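**Student:** Got a predicted structure plus its sequence, pasted below:
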Amino acid sequence: MSRWSHSDLKTLMAKASPLRSGDQLAGLAAQSAEESITARMALADQPLSRFLNEPLIAYEQDEVTRLIIDSHDMAAFAPISSLSVGGFRDWLLSDAVDGAVLAAVAPGVTPEMAAAVSKIMRNQDLILVAAKIRVATRFRSTVGLKGRLSSRLQPNHPTDDPSGILASMVDGLLLGSGDAVIGVNPASDNLQVLGGLVEMMADVIHRFEIPTQSCVLTHVTSSLALIEQGRPVDLVFQSIAGTEGANAAFGVNLNLLRDAQQAAQSLGRNPHGGQVMYFETGQGTALSSGAHHGVDQQTLEARAYGVARAFDPFLVNTVVGFIGPEYLFDGKQIIRAGLEDHFCGKLLGLPIGCDVCYTNHAEADQDDMDVLLTLLAAAGVNFIMGVPGADDIMLNYQSTSFHDTLYARRLLNLRPAPEFEAWLEAVGIADAQGLLRTPEPKHPLLQVLP
Amino acid sequence: MTDEVARLQAWRSLTQARIGLGRSGASLATRDVLGFALDHARARDAVHSPLDTEALGREVRDLGFDTVHVTSLAQDRQTYLARPDLGARLSSQAVAVLHDTERCQPDLAIVLADGLSSQALRHAAPVLGHLRQPLLDEGWRLAPVVIATQARVALADEIGAELNAAMVLVLIGERPGMSSPDSLGAYLTWNPMVGRTNAERNCVSNIRTEGLQPAAAAETLLWLIREARRGALTGLGLKDLSGLTAISPT
């Protein structure tokens, strides 16, 4: 191991990372298969406490580092404080460590520790440990309970046409989707358009008493403006990343996120408390904005979760294959990244879901997505996306469909969020066993269409 | 037609999204699974089919332009997809070829780039056809049209700089969508040089049969080209004048 004895943690982490195109693009990846594995062996020998003493990005330079260090809970860390990274893997997999133990230790685990241990775990380890952890959050529905799989209904339209969006919403609801959130990505950043979408979704949710919540996935400053206008904003959305610089490229910082959280909380729309934030992340965002500090993309992704957990989010979503093949080249890399992200998110105590997705220039197809979807559902992922026919006609990529959610629920005997499950039966979309009925043409939901 | 069928059709006509699909148990019906696979196959073919530079060159020369072919540093499609940085720089042969091109300090250099969809370049010659005469009538000096393969948008910056052009227009294949495998994008950059950012360009996108027509795209581009020269700038400053929609990074 002498090759690595003088290596800094940042280099060791990057070389130990399972191969992906984004680290190669950044010039950080291991140069050979053997180098990658010897780096993993050296990483396994590092004490977890080293991560507290050697920040990968300097404390003085980066507010995300300061957040991680300043909020670290030494008491929660105590049970694992003497472990190495390799010993941490064995501990996580051990029979004595269950969900309650992992929830208690979560505030003592830093994003870098989570990333480090994930790098020496196989896919089955990432699945098995994540499956021990349940992180349930509540708005009008409860998302993340054991035995449940929720979905975000994603009714996007290339010109934000309210009728087109409504048509996709109705389709998804009739197919049992939308219990995590009805969340639309707008093409426009015009406040009138955005406000109209917020009102339309709130109206449908109110009129049909649907136990779910809505979100327009626009920049946090637009959501703040909508709140000031008195629009019924349920969840505030923002893309976030793992460095101060990458967040600046998104036009956000921790103070701005705090302002948005407080503004949304002040509306009091969550009947169960203060969980009002919806964050999206994805490996590679820091490199694409030139703010990666020589840290590998998976570690930076875990640091984005460090940002997310400071805001007690209702939903966190890793949009795993959206960024393109220069960061995750093919199905194998996307699958691995999806499992890493879900594991790290759960280990850090986040209500994490996954946009199981790819673009047409990546080496991936629906078969790869079936594999990742099945593995994540087995690992207990909180929610996935529901896009009509898996084809997002606004963002031009492929995600999971309403039918894909039905498939995963059927295969693994998973059910929607309990409040939403009861609603599906009450309005005649599902029968008492939870099986979907063929919708009646006179179903009230179909009558809202123009 | 029954009321039920009419209602379903009216519903589906509200969006191009794949709504109203049937179920086989929990899963999609055969027809929809295979239909999706066909659309994906077409998008994949658009990404991976090499651009027929000979045929495109003939088409463009028939319009009265000279042409020259260059390649980027990305030597194959796999490298191109994984290394956007290499697709944004000229190969050494390409630099030599452009050096040999006659120097005329052109007002405008035009680049036709494969980008992520070679099929989109079927719309390039029609756009050029609408641009040529108005520009010649106004006395614009045009460089030979550069056909570039394994090329990103930013490759045009280096091409424009090598040709000493005041500005560069690149027509490039956009990332294919499931229902739009042949969409062409156009990017205009004043004073091209290596290192320009997308914020310094103006973009006209979605040029295809079912989208923005080549004649309409050319009209918008002519406006942008004239205004860029008048104001000696492209990018956010020019966008603010035109009211055009914001550029999307590729």
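**Tutor:** Yep, it's here. Numbering: from 1, shown residues only, chains lettered A, B, ... in the order given.

**Student:** so does the helix or strand harbouring residue A:372 get close to chain B?
**Tutor:** Assigned by DSSP states H and E, residue A:372 falls within helix A:366-378. Yes - for helix A:366-378, a contact with chain B is found by Cβ under 8 Å from any Cβ of the partner chain, at residue A:366. All C-beta atoms are positioned from the backbone trio N, CA, C, and that covers glycine.

**Student:** what's the average pLDDT for the following helix or strand past that helix?
**Tutor:** Next in sequence after helix A:366-378, counting helices and strands by DSSP H and E, comes strand A:383-386. For strand A:383-386, the mean per-residue pLDDT is 98.

**Student:** who does strand A:383-386 touch, helix- and strand-wise?
**Tutor:** strand A:150-153, strand A:315-319, strand A:352-355, helix A:366-378, helix A:402-412 (3 or more Cβ pairs under 8 Å, 6 or more residues apart in numbering or on different chains; DSSP states H and E).

**Student:** Quick one: closest of the ones you listed to residue B:170.
**Tutor:** With Cβ to Cβ as the measure, strand A:315-319 is the member of the helices and strands packed on strand A:383-386 nearest residue B:170 (28.4 Å).

**Student:** Does the next helix or strand after the closest one reach chain B?
**Tutor:** Next in sequence after strand A:315-319, counting helices and strands by DSSP H and E, comes helix A:331-347. No - on the criterion Cβ under 8 Å from any Cβ, helix A:331-347 is out of touch with chain B, staying 10.6 Å away.

**Student:** Tell me the secondary structure at the closest residue to residue A:271 other than its chain neighbours.
**Tutor:** Spatial nearest neighbour of residue A:271, chain neighbours left out: residue A:140 (6.6 Å); criterion: Cβ to Cβ, 6 or more residues apart in numbering or on different chains. Three-state assignment for residue A:140 (DSSP: H, G, I helix; E, B strand; the rest coil): coil.

**Student:** which residue does the stretch 1-150 of chain A bring closest to chain B?
**Tutor:** residue A:21 (4.8 Å; Cβ to the nearest Cβ).

**Student:** Just list the residues touching that residue, thanks.
**Tutor:** A:325-329, A:333, B:82 (Cβ atoms under 8 Å, 6 or more residues apart in numbering or on different chains).

**Student:** Report the contact partners of residue A:448.
**Tutor:** Residue A:448 touches A:166, A:170, A:204, A:207, counting by Cβ under 8 Å, 6+ apart.

**Student:** Mind doing that once more with 10 Å?
**Tutor:** Neighbour list for residue A:448: A:166-167, A:169-170, A:200, A:203-204, A:207-208 [criterion: Cβ atoms under 10 Å, 6 or more residues apart in numbering or on different chains].

**Student:** quick one: the residue nearest to residue A:271 and residue A:118, what's the gap?
**Tutor:** For residue A:140, the distance to residue A:118 (Cβ to Cβ, to the nearest Å) stands at 33 Å.

**Student:** ok, back up a step: any idea which of the contacts of residue A:21 is closest to residue A:145?
**Tutor:** The closest of those to residue A:145 turns out to be residue A:328 (Cβ to Cβ; 29.9 Å).

**Student:** Now the helix or strand that contains residue A:193: buried residues?
**Tutor:** Assigned by DSSP H and E, residue A:193 falls within helix A:191-207. By neighbour count on 16 or more other Cβ atoms under 10 Å in any protein chain shown, the buried set for helix A:191-207 is A:193-198, A:200-202, A:204-205.

**Student:** ok, now stretch B:16-23?
**Tutor:** B:16-21.

**Student:** can you tell me which of the residues you listed are up against chain A?
**Tutor:** B:16-21 (Cβ under 10 Å from any Cβ of the partner chain).

**Student:** average pLDDT across the helix holding residue A:372?
**Tutor:** Here helix A:366-378 scores 98 as its mean pLDDT.

**Student:** With the flanking residues excluded, which residue is spatially nearest to the closest residue to chain B within the stretch 251-400 of chain A?
**Tutor:** Closest to chain B within the stretch 251-400 of chain A is residue A:389: 2.5 Å, counting by Cβ to the nearest Cβ. Residue nearest to residue A:389 in three dimensions, not counting chain neighbours: residue B:18, with 2.5 Å by Cβ to Cβ, 6+ apart.

**Student:** Just say helix, strand or coil for that neighbour.
**Tutor:** Strictly by three-state DSSP, residue B:18 counts as coil.

**Student:** Tell me the spacing between it and residue A:402.
**Tutor:** For residue B:18, the distance to residue A:402 - Cβ to Cβ - is 10 Å.

**Student:** ok now do the most centrally placed residue in chain A, which residues does it touch?
**Tutor:** With distances taken as Cα atoms, centre = their mean, the residue of chain A nearest its centroid is residue A:317 (2.1 Å). Listed by Cβ under 10 Å, 6+ apart, the contact set of residue A:317 reads A:152, A:180-181, A:183, A:217, A:237, A:239, A:278-282, A:308, A:341, A:345, A:351-355, A:382-385.

**Student:** Distance check, the residue of chain B found nearest chain A against residue B:32.
**Tutor:** Proximity of chain B to chain A (Cβ to the nearest Cβ) peaks at residue B:18, 2.5 Å away. According to Cβ to Cβ, residue B:18 stands 7 Å off from residue B:32.

**Student:** Identify the contacts common to these two.
**Tutor:** A:389, A:401.

**Student:** What's the separation between the closest residue to residue A:419 other than its chain neighbours and residue A:182?
**Tutor:** Distances taken as Cβ to Cβ, 6+ apart place residue A:211 nearest to residue A:419, at 3.6 Å, with adjacent residues excluded. Counting by Cβ to Cβ, the gap from residue A:211 to residue A:182 is 12 Å.

**Student:** So for the two, which residue has more residues nearby?
**Tutor:** Using other Cβ atoms under 10 Å in any protein chain shown as the criterion, residue A:211 and residue A:182 rank with residue A:182 on top: 29 against 20.

**Student:** Quick check, central residue of chain B?
**Tutor:** With distances taken as Cα atoms, centre = their mean, residue B:172 lies nearest the centre of chain B, 2.3 Å away.

**Student:** First-to-last residue distance for stretch A:223-234?
**Tutor:** End-to-end distance of stretch A:223-234 (Cα to Cα, to the nearest Å): 10 Å.

**Student:** And that stretch, what's buried?
**Tutor:** Neighbour counts using 16+ other Cβ under 10 Å place A:223-227, A:231-234 of stretch A:223-234 among the buried residues.

**Student:** What segments of chain B are strands?
**Tutor:** With strands called from DSSP state E, chain B shows them at B:23-24, B:27-28, B:67-71, B:109-113, B:145-149, B:167-173, B:184-190, B:201-207.

**Student:** Check the stretch 101-250 of chain A too.
**Tutor:** Per DSSP state E, counting those that start in this stretch, the stretch 101-250 of chain A carries strands over the ranges A:137-138, A:142-143, A:150-153, A:181-184, A:214-216, A:236-239.

**Student:** Please identify the deepest-packed of the ones you listed.
**Tutor:** strand A:150-153 (a mean of 30; mean count of other Cβ atoms under 10 Å in any protein chain shown).

**Student:** Spit out the contact partners of residue A:278.
**Tutor:** With contacts taken as Cβ under 10 Å, 6+ apart, residue A:278 has the following neighbours: A:139, A:152, A:180-181, A:183, A:213, A:215, A:217, A:223, A:234-238, A:264, A:308, A:313-317, A:351, A:353.

**Student:** How many residues are close by residue A:117?
**Tutor:** 30.

**Student:** For the residue nearest to the centre of chain B, give its distance to residue B:208.
**Tutor:** 13 Å.
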